[in-house]
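Peer 1: Fold the following for me, if possible:
(one chain, ligands or ions: 1)
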Amino acid sequence: MNSSIALALFCLLSMHFGCPTAKPATDNDEEIKDVKEYLKRFDNLDVDQILSSDRLLDSHIKCYLNTAPCIPIARDLKRALPIVASNGCKDCNDIQIKNIKKALAYVKTKRAPEWTQMVALYDPTGTNLSKFLTD
Ligand SMILES: *[C@@H]1O[C@H](CO)[C@@H](O)[C@H](O)[C@H]1NC(C)=O
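Peer 2: Model prediction:
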């Protein structure tokens, strides 16, 4: 966790000067092979810390909306979005659900217009994401 925060910060700083390792928004993410294994990265997600500044929140939202490269933790959450939209993250444990919910609820509350765009992108037919948040 500490090292991923360090990496996120490093990348955030270097993005300012053109981060060479930042992936273009159009890069296809490789398919998640083992969902449960993948979801483990949300066991210790410190939502308060990762979304604690407007700049970080901007960075997350641009990542989710494919308008800027993703810092690692934003990329992790972005890849979880289709899983959440398709089945409410049925493979998540309670802690993972709680953490992902908290992150998404934060975006929804703080940035309602962008949240609407996110729903259009990841949950086009409708209500799965908001249902996930209110369940
Ligand atoms: C929303 O949930 C339904 C029922 O679980 C599912 O069939 C549908 O594919 C989901 N929508 C998206 C965009 O994944």
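Peer 1: Determine the number of other residues adjacent to residue 51.
Peer 2: Per other C-beta atoms under 10 Å, the neighbour tally for residue 51 reads 21. From N, CA and C alone the C-beta is placed, and that goes for glycine too.
Peer 1: Enumerate the residues of the chain near the ligand.
Peer 2: 85-87, 123-125, 128 (C-beta under 6 Å from any ligand atom).
Peer 1: Max pairwise distance over those residues: which two?
Peer 2: 87 and 124 (15.6 Å; C-beta to C-beta).
Peer 1: Same drill for these two, tell me which one is more crowded.
Peer 2: Comparing residue 87 with residue 124 by other C-beta under 10 Å, the one with more neighbours is residue 87, at 13 against 9.
Peer 1: contacting residues around the residue positioned nearest the centre of the chain?
Peer 2: Nearest residue to the geometric centre of the chain (C-alpha atoms, centre = their mean): residue 77, 2.4 Å. Neighbouring residues of residue 77 by C-beta atoms under 8 Å, 6 or more residues apart in numbering: 60, 64, 100, 103-104.
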